[in-house]
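> Predicted structure and sequence below. I'll ask about it afterward.
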Amino acid sequence: MDLLSLIQWPAFAASVVAAWLVASSSKPRRNVGFWIFLLSNVLWVAWGIHTSAYALLALQFCLAAMNIRGLFKTEA
């Protein structure tokens, strides 16, 4: 297994932590959650490129757009 294949595990962990934070009733925690979701999107894109997982890439770009929307709604 090469080093880039291991990126899926931090991406997984970031996604789970971000979901936990976004579900919080605390506005600052939700905001941090959206930033962590964006980090997970970047990690998943890196892994998706490495593995040629094109549906995953498309999904991550769509989810990143929704996470950016969530950031704007949380900060407003």
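Received it, and whenever you're ready, just let me know what you need.
> Give the rounded mean pLDDT of stretch 21-28.
Averaged across stretch 21-28, pLDDT comes to 94.
> Scan this protein for its longest helix.
helix 27-51 (DSSP state H).
> which residues touch that helix?
4-5, 7-8, 10-11, 14-15, 17-24, 53-54, 56-57, 60-61, 63-64, 67-68, 70-71, 74-75 (C-beta atoms under 8 Å, 6 or more residues apart in numbering). C-beta here means a position set from N, CA and C on the backbone, and glycine is covered the same way.
> Give the buried residues for it.
30-34, 36-41, 43-45, 47-48 (16 or more other C-beta atoms under 10 Å).
> Same check on stretch 48-65?
Gly48, Ala53, Leu57, Gln60, Leu63, Ala64.
> re the thing from before, now list the buried members of the contacts of helix 27-51.
Going by neighbour count (16+ other C-beta under 10 Å), the contacts of helix 27-51 have 7-8, 11, 14-15, 17-18, 21-22, 53, 57, 60, 63-64, 67, 70-71, 74 buried.
> Among these, name the ones in helices.
Per DSSP H, those map to helices at 8, 11, 14-15, 17-18, 21-22, 57, 60, 63-64, 67, 70-71, 74.
> Backbone dihedrals for Ser25, both of them.
The phi/psi pair for Ser25 (degrees, to the nearest 10) reads phi -80, psi -10.
> Next one, pLDDT for Ala76 please.
pLDDT, Ala76: 63.
> That should have said Ser5, apologies.
For Ser5, pLDDT reads 85.
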